[in-house]
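Visitor: Provide a 3D model corresponding to the input given below.
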Amino acid sequence: MRWPEGTQVLRLEDIDGAILVEATLRSADRDTSGPMLLDTGAGYLAVDLALALSMGLTDSAAVGEPVGLARRPLQRIELGTLQMDQVSPVLIVDAGIIRRVTGRPVLGLLGQALVRDRVLVVDYRSGDLVILPPGRAAAPGRSGLPESVLSPSAIAVPFRLAGDGKIIVVVRVTGRPGQRPTELNLIVDTGATKTTLFRQAIDRRLPAWRSWPRLRGLGAPTFSGDAAAEMVRVPRLEIGPREGGLGRSGMDAAVIDGDLPATLATVIEGPADGLLGYSFLKHFRVVLDYPRRVLWLDPRHGDVPDRPWEYSHPGIQLESVGGSVRVMSVAVGSPAARSGVRKGDELLAVNGHQVGAEDLLEVGRRLEGRPGTEVVLKLRRGRREWSVRMLRAPLL
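Guide: Okay, the predicted model is just below:
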């Protein structure tokens, strides 16, 4: 495909919906390269606290704050050949939250402030992130893109930017078949591995959700702390015009508690009902036109298939902690719960295959399989090591 001069085409790594791209950060004290999380739900560039200290961006006063502000700008960030100098503001975060769920040495977050004068193309299927040069969005037609980028099936969804640059769109969710859809305000968040609904909001606005298929007892790490979560099957979620819009039926989504909704409401100066994340976005080629405030979704050039056995497994969530793989949560009523597996247990092997923190994605895949098939886990709790045989079960 022929892109306009000055376009950056970067390879992305898709870790179950966490989109990572390589970047180089430079300061007077240190240069470092590594993966950054592409996070349209973040307003600014955010750097891990330990890295910010070593690069001289902040001092020890930032320790203990969930999100802080660097005292000095970042000298330069490089994405491919794209260079941005004297980047400010820079947020300080604990990127360990991201490392826990990806198993990758993530340096921080790439927020919208870095690209607010540009158009982004996120192609989950091809594994490309395309950043167009400034000014292309001013061209007539479909964001000034080459014709082959968006098919005639693509739709345009207007959005508004709120607070520190969060993208707010309106979606329609059907609570049960035959029921009139409920409109919800969601934040488009490429950093969210699942579309997420805030429990307090849907308890009030969409009470029928309590009858949806549910998988309980899970957790969701956030920068506001770990939140209690459960997975549900949404009967129908639609976006765009009522006639000719796009939708998904039976999509999996997370329902979470915790402080995140209140934190976001403060940032955007108004309520949000959830996040439009990977479990919806992966079915489309996504084009974010920041200057014109338009989200393009193209079903013809997108669609990462759902994993057939994603919810057929022993019922444990995993995380990377200190170089090991540990159980983050155990689903209520799952084979793992019945077998006595607990939060914090270290996973040593799956069906005889030794596991490591860097293999978190592969380990998760090994847990999945056809319902009724056997999986053998080797675990450690304190000084005790043992193996347990379980049958995979359909959990959602």
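Visitor: where does the stretch 101-250 of the chain dip in pLDDT?
Guide: With pLDDT under 70 as the threshold, the stretch 101-250 of the chain has low-confidence stretches at 136-144.
Visitor: ranges for the strands of it?
Guide: In the stretch 101-250 of the chain, the strands defined using DSSP state E, counting those that start in this stretch lie at 108-110, 119-123, 128-131, 155-158, 160-162, 166-174, 182-188, 196-198, 214-220, 227-239, 246-256.
Visitor: residue 313: which of those strands is closest?
Guide: Comparing the strands of the stretch 101-250 of the chain by their distance to residue 313 (CB to CB), the top pick is strand 214-220, with 10.7 Å. Where C-beta positions appear, they are placed from N, C-alpha and C, glycine not excepted.
Visitor: ok, the closest one: who's next to it in the sheet?
Guide: When pairs are called by DSSP bridges, strand 214-220 turns out to pair with strand 227-239 (antiparallel).
Visitor: what's the angle from the strand it pairs with to strand 166-174?
Guide: Per axes from the mean of the first three to the mean of the last three CA atoms, to 10 degrees, the angle that strand 227-239 makes with strand 166-174 is 80 degrees.
Visitor: tell me the gap between strand 227-239 and the middle of its chain.
Guide: With CA atoms, centre = their mean, to the nearest Å as the basis, the distance from the averaged C-alpha position of strand 227-239 to the chain average is 14 Å.
Visitor: just the CA trace of that strand, in PDB.
Guide: Presented in PDB, the C-alpha positions along strand 227-239 are these (Å, rounded to 0.1, in the frame of the first residue of the first chain):
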ATOM      1  CA  ALA A 227     -11.000  -4.400  40.800                       C
ATOM      2  CA  ALA A 228     -13.400  -7.300  41.200                       C
ATOM      3  CA  ALA A 229     -14.600  -8.500  37.800                       C
ATOM      4  CA  GLU A 230     -16.700 -11.000  36.000                       C
ATOM      5  CA  MET A 231     -17.100 -11.900  32.400                       C
ATOM      6  CA  VAL A 232     -20.500 -11.700  30.600                       C
ATOM      7  CA  ARG A 233     -22.000 -12.400  27.200                       C
ATOM      8  CA  VAL A 234     -23.600  -9.200  25.900                       C
ATOM      9  CA  PRO A 235     -26.700 -10.000  23.800                       C
ATOM     10  CA  ARG A 236     -26.000  -7.200  21.300                       C
ATOM     11  CA  LEU A 237     -23.800  -4.200  21.100                       C
ATOM     12  CA  GLU A 238     -24.100  -1.700  18.200                       C
ATOM     13  CA  ILE A 239     -22.400   1.500  17.200                       C
END
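Visitor: buried set for it?
Guide: Buried residues in strand 227-239, counting neighbours by 16 or more other CB atoms under 10 Å, are found at 227, 229, 230, 231, 232, 234, 235, 236, 237, 238, 239.
Visitor: measure the fourth one to residue 329 for me?
Guide: According to CB to CB, to the nearest Å, residue 231 and residue 329 sit 11 Å apart.
Visitor: could you find the closest non-adjacent residue to residue 133?
Guide: residue 6 (3.5 Å; CB to CB, 6 or more residues apart in numbering).
Visitor: circling back: tell me the one of the buried residues of strand 227-239 nearest residue 173?
Guide: Of all those, residue 237 has the smallest distance to residue 173: 5.3 Å, by CB to CB.
Visitor: confirm for me that the closest one is in contact with residue 170.
Guide: No - counting by CB atoms under 8 Å, residue 170 is not a contact partner of residue 237; they are 11.6 Å apart.
Visitor: related to what we said a few turns ago, now, the most widely separated pair of the buried residues of strand 227-239?
Guide: The distance between the two most remote of the buried residues of strand 227-239 (CB to CB) is 26.2 Å, for 227 and 238.
Visitor: now residue 9: how far from residue 131?
Guide: Here residue 9 is placed at a distance of 8 Å from residue 131 (CB to CB).
Visitor: more crowded one of the two?
Guide: Taking residue 9 and residue 131 together and counting by other CB atoms under 10 Å, residue 131 has the greater number of neighbours (20 against 14).
Visitor: so who does the more buried one touch?
Guide: For residue 131, the residues meeting the contact criterion (CB atoms under 8 Å, 6 or more residues apart in numbering) are 7, 8, 10, 79, 82, 115, 118, 119, 120.
Visitor: who's it bridged to?
Guide: Residues found in beta-bridge contact with residue 131 (criterion: DSSP bridges) are residue 8, residue 120.
Visitor: still on that earlier bit, can you lay out the contacts of residue 131 as JSON lines showing neighbour count and distance to residue 91?
Guide: What follows is those, written out as JSON lines (neighbours: other CB atoms under 10 Å; distance: CB to CB, whole Å):
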{"residue": "7", "neighbour count": "19", "distance to residue 91": "27"}
{"residue": "8", "neighbour count": "18", "distance to residue 91": "23"}
{"residue": "10", "neighbour count": "16", "distance to residue 91": "22"}
{"residue": "79", "neighbour count": "20", "distance to residue 91": "18"}
{"residue": "82", "neighbour count": "17", "distance to residue 91": "20"}
{"residue": "115", "neighbour count": "22", "distance to residue 91": "16"}
{"residue": "118", "neighbour count": "22", "distance to residue 91": "20"}
{"residue": "119", "neighbour count": "29", "distance to residue 91": "24"}
{"residue": "120", "neighbour count": "19", "distance to residue 91": "20"}
